[in-house]
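In: sequence unavailable; structure follows:
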């Protein structure tokens with residue numbers, strides 16, 4: 001239905017404190033969390049150090065420059081990932097759910113009229129996340145498969161075909177569900193992080209001096225000694241080490257805060273740090289290893305097993321952004337930002353684990369296109385990072401509002417907490433913008449296209465809602481007409497779905513106009529999406545008797561829930577209303593949207609909106625209404 005009238009309804013209050021996670025925090029969840037949440041950031045060592053060191057390799061690599069580059073990487077992980085995402089943003093959840101749109105909803109509640117700015121910022125952040133989700137699988141898989149070239153040059157011509165086959169397989173298994181995928185992927189990623197930490201530790205033991213890179217002095221010295229332009233180029237590559245942090249936040253609803261925090265602090269970050277330290281030690285000893293410092297950490301006999309493990313790890317790395325994209329898409333659908341799509345629940349135990357076939361297909365096409373377009377991980381590194389850094393800036397701005405207004409810490413403390421992150425992310429964004437003409441324009445164009453789609457859908461939906469509302473019959477007027485001139489009574493129960501509970505559904509008006517009948521029992525049913533993740537079962541329904549034959553039922557859902565109208569009507573019996581759902585008839589108005597250049601949206605936008613509306617899943621499927629009990633009445637609307 002729609003969410004325009006949520007604020008006008010007398011819905012029960014919902015506490016703002018975080019709802020308790022019903023998920024177990026045991027070892028199995030921790031392992032699954034490592035497999036899904038940290039897959040993306042866990043493959044950054046494959047290319048981050050290589051790309052950053054290459055920026056200062058002209059004329060030979062100097063030890064003090066390597067120390068500076070490594071110090072920048074380590075402190076980027078400490079400040080951006082550990083402090084911002086793991087420590088602070090993990091607490092800025094919206095009743096257990098994370099992600100840019102969840103944070104947007106949290107910030108909107110306290111902004112009043114300024115909520116529109118937050119809304120638009122949230123759309124931009126979501127669009128940038130989709131741009132990142134299209135690049136991450138491509139660069140992750142390519143960077144691993146390219147390791148086979150080190151085993152034997154014979155693989156050189158097979159890198160791209162192998163990468164494309166692997167990517168198709170990754171998206172194919174998504175239908176199995178996050179839970180099953182995590183059970184398989186988790187142990188592999190635990191092995192991956194353990195191996196990365198171990199091979200890095202072996203080189204750190206050979207040259208313990210690299211531990212000095214934890215001193216931020218080397219990072220500051222590097223930036224002071226190099227020009228602004230070269231520093232920005234290096235920072236653009238350093239940023240590759242923290243890509244994946246936004247997916248970490250988006251997957252909060254899948255696993256909960258504590259497993260994500262514990263996995264990072266006690267296992268993932270130590271292993272990543274050891275590997276980066278080891279790569280630095282290797283480059284100090286063998287500068288020629290800059291071609292691929294990650295794989296050259298191991299002796300030749302261990303190269304093939306490491307390449308195979310890396311390939312498995314990069315396959316898993318894609319999972320973090322894919323599951324994040326699914327979560328983000330469901331939030332967008334429920335908030336009215338995108339047309340309805342089929343949402344499949346893949347776990348009977350964890351409600352947050354979902355699969356969206358349409359999004360899976362669209363993302364696959366985008367990933368394959370990018371993989372073919374760039375062809376190598378080095379080429380993709382130039383395009384990677386722009387979308388992520390932009391999303392991070394939007395997230396930080398919203399975090400400022402949450403800290404100041406939702407947590408009530410005041411503007412000064414909120415500024416002190418978030419301004420360091422904002423400064424760093426702005427610098428990273430500027431450095432990434434230097435890559436625009438080297439391929440960075442691709443994710444920006446993709447993100448701009450998503451913004452266009454979302455704004456078109458929101459504008460068209462609001463226009464049609466307002467127009468339908470102006471033409472609709474007030475409920476009070478219908479009640480008066482029924483009293484003055486009672487129609488014929490038909491046996492049974494009729495259920496009419498409408499987006500506005502205060503006006504008469506179009507299907508009911510058509511039934512009275514053409515058939516001159518009304519059923520014995522009539523239910524005016526409205527599904528409302530609230531700006532919170534989940535609605536308690538005790539506040540799910542509002543039931544109001546309008547007359548002896550008319551009953552108004554308002555069913556509320558959070559934006560992280562999937563509506564189930566049939567189940568909700570069975571629950572109405574708790575309110576003393578015995579709804580004969582098994583034999584009831586559902587009356588729906590099927591709208592045929594046509595273009596009208598004289599009103600509404602511009603002509604070009606009309607075509608986009610109409611195409612999106614035709615791609616939407618039928619209301620019967622989305623709201624889980626039995627097809628055999630549905631009668632549809634078509635109406636035509638111009639947009």
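Out: Arrived safely. Note that the structure is predicted; figures quoted are calculated from it, not measured.
In: all strands for this structure, in order.
Out: Assigned by DSSP state E, the chain shows strands spanning 344-345, 354-355, 488-497, 517-530, 541-545, 550-558, 585-594, 630-638.
In: if you average pLDDT over each of those, which is lowest?
Out: Ranked by mean pLDDT, the strands of the chain end with strand 630-638 at the bottom, a mean of 70.
In: which stretches of the stretch 401-550 of the chain have low pLDDT?
Out: Nowhere does the stretch 401-550 of the chain drop to pLDDT under 70.
In: helices of that one, start to end?
Out: 411-433, 441-471, 475-484, 506-515 (DSSP state H, counting those that start in this stretch).
In: would you turn these into a markdown table with distance to residue 613?
Out: Every C-beta, even on glycine, is put in place using the N, C-alpha and C of the backbone. As requested, the helices of the stretch 401-550 of the chain are exported to a markdown table (distance: least, Cβ to Cβ, whole Å):
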| stretch | distance to residue 613 |
| --- | --- |
| helix 411-433 | 35 |
| helix 441-471 | 8 |
| helix 475-484 | 27 |
| helix 506-515 | 16 |
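In: hang on, the earlier thing: switch the strands of the chain over to a markdown table; also include mean neighbour count and distance to residue 169.
Out: Formatted as a markdown table, these follow (neighbours: other Cβ atoms under 10 Å; distance: least, Cβ to Cβ, whole Å):
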| stretch | mean neighbour count | distance to residue 169 |
| --- | --- | --- |
| strand 344-345 | 13 | 19 |
| strand 354-355 | 22 | 16 |
| strand 488-497 | 17 | 40 |
| strand 517-530 | 21 | 35 |
| strand 541-545 | 15 | 44 |
| strand 550-558 | 22 | 34 |
| strand 585-594 | 18 | 38 |
| strand 630-638 | 14 | 38 |
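In: shaky segments in the protein?
Out: For the chain, the ranges with pLDDT under 70 are 1-26, 59, 112-114, 177-184, 253-254, 320, 346-353, 597-598, 633-639.
In: show me the domain layout of it.
Out: 26-348+357-458, 474-638 (automatic domain parsing).
In: figure out how far the first one is from the centre of its chain.
Out: The reference is to domain 26-348+357-458. 13 Å (Cα atoms, centre = their mean, to the nearest Å).
In: spatially central residue (nearest the centroid) of this protein, please.
Out: Computing the C-alpha centroid of the chain and ranking residues by Cα atoms, centre = their mean puts residue 328 first, at 3.2 Å.
In: so what's it up against?
Out: By Cβ atoms under 8 Å, 6 or more residues apart in numbering, the contact set of residue 328 is 99-101, 126, 129-130, 250.
In: swap in residue 204?
Out: 210-211, 274, 277-278, 281.
In: just those residues: which are in helices?
Out: Counting by DSSP state H, the part of the contacts of residue 204 found in helices is 274, 277-278, 281.
In: touching, residue 402 and residue 92? I think so.
Out: Yes: assessed by Cβ atoms under 8 Å, residue 402 is found in contact with residue 92 at 5.0 Å.
In: what is in contact with these two at once?
Out: 103, 106.
In: of all the strands of the chain, which lies closest to residue 372?
Out: Within those, the stretch nearest residue 372 is strand 354-355; the backing value is 25.4 Å (Cβ to Cβ).
In: mind listing what the closest one pairs with, with the direction of each?
Out: strand 344-345 (antiparallel) (DSSP bridges).
In: hang on, the earlier thing: most tightly surrounded among the domains of the chain?
Out: Greatest average neighbour count among the domains of the chain goes to domain 26-348+357-458 (a mean of 21), per mean count of other Cβ atoms under 10 Å.
In: circling back to that earlier point, may I see the strands of the chain organised as a markdown table, with distance to residue 269 added?
Out: Shown next, in a markdown table, are the strands of the chain (distance: least, Cβ to Cβ, whole Å):
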| stretch | distance to residue 269 |
| --- | --- |
| strand 344-345 | 32 |
| strand 354-355 | 29 |
| strand 488-497 | 50 |
| strand 517-530 | 36 |
| strand 541-545 | 46 |
| strand 550-558 | 32 |
| strand 585-594 | 50 |
| strand 630-638 | 53 |
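In: of those, which is nearest residue 234?
Out: Using Cβ to Cβ, the strands of the chain put strand 354-355 closest to residue 234, at 39.5 Å.
In: return the distance of the closest one from the chain's centre.
Out: 12 Å.
In: quickly note the distance from the residue lying closest to residue 61 once chain neighbours are set aside to residue 235.
Out: Counting by Cβ to Cβ, 6 or more residues apart in numbering, residue 287 is the residue found nearest to residue 61 once chain neighbours are left out, at 4.8 Å. As judged by Cβ to Cβ, to the nearest Å, residue 287 and residue 235 stand 22 Å apart.
In: likewise residue 95?
Out: Distance from residue 95 to residue 235, by Cβ to Cβ: 36 Å.
In: go on, residue 135?
Out: In terms of Cβ to Cβ, residue 135 sits 18 Å off from residue 235.
In: show me where the stretch 101-250 of the chain has its helices.
Out: Under DSSP H, counting those that start in this stretch, the stretch 101-250 of the chain gives helices at 115-145, 148-151, 159-172, 178-206, 216-225, 228-238, 245-250.
In: closest one to residue 487 among these?
Out: helix 115-145 (43.3 Å).
In: show me the contacts for residue 52.
Out: So residue 52 contacts 69, 72-73, 234, 237-238, 240-241 (Cβ under 8 Å, 6+ apart).
In: out of the residues you listed, the closest to residue 600 would be?
Out: residue 240 (44.3 Å).
In: what's stretch 465-477 in contact with?
Out: In contact with stretch 465-477 (Cβ under 8 Å, 6+ apart) are residues 2, 4, 499-504, 506, 509, 524, 546, 552, 600, 637.
In: which members of the residues you listed are the farthest-apart pair?
Out: 546 and 600 (32.3 Å).
In: wait, residue 535 touches residue 560, no?
Out: No: counting by Cβ under 8 Å, residue 560 is not a contact partner of residue 535; they are 10.0 Å apart.
In: so what's residue 237 up against?
Out: 48, 51-52, 54-55, 381.
In: and which of those residues is nearest to residue 409?
Out: residue 48 (33.8 Å).
In: save the contacts of residue 52 as TSV, and put in distance to residue 387 too.
Out: What follows is these, written out as TSV (distance: Cβ to Cβ, whole Å):
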residue	distance to residue 387
69	23
72	21
73	20
234	20
237	16
238	17
240	13
241	16
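In: check contacts around residue 234.
Out: Contacts of residue 234 by Cβ under 8 Å, 6+ apart are 52, 55-56, 69, 72, 222, 226, 431.
In: re earlier: how near is the residue nearest to residue 61 to residue 151?
Out: Taken as Cβ to Cβ, the span from residue 287 to residue 151 is 22 Å.
In: do the same with residue 359
Out: For residue 359, the distance to residue 151 - Cβ to Cβ - is 36 Å.
In: now residue 331
Out: Residue 331 is 43 Å from residue 151, by Cβ to Cβ.
In: swap in residue 135?
Out: Taking Cβ to Cβ as the measure, residue 135 falls 26 Å from residue 151.
In: swap in residue 31?
Out: 29 Å.
In: how about residue 339?
Out: Counting by Cβ to Cβ, the gap from residue 339 to residue 151 is 47 Å.
In: what do you get for residue 68?
Out: With Cβ to Cβ as the criterion, residue 68 and residue 151 are 32 Å apart.
In: what of residue 490?
Out: 75 Å.
In: same deal with residue 429?
Out: Taken as Cβ to Cβ, the span from residue 429 to residue 151 is 37 Å.
In: same check on residue 234?
Out: Distance from residue 234 to residue 151, by Cβ to Cβ: 30 Å.
In: give the contact list for residue 62.
Out: residue 56.
In: check residue 307 too.
Out: 144, 147-148, 150-151, 295.
In: show me what contacts the closest residue in space to residue 311 that isn't next to it in sequence?
Out: Counting by Cβ to Cβ, 6+ apart, residue 144 is the residue found nearest to residue 311 once chain neighbours are left out, at 4.4 Å. By Cβ under 8 Å, 6+ apart, the residues touching residue 144 are 43, 46, 307, 310-311, 313-314.
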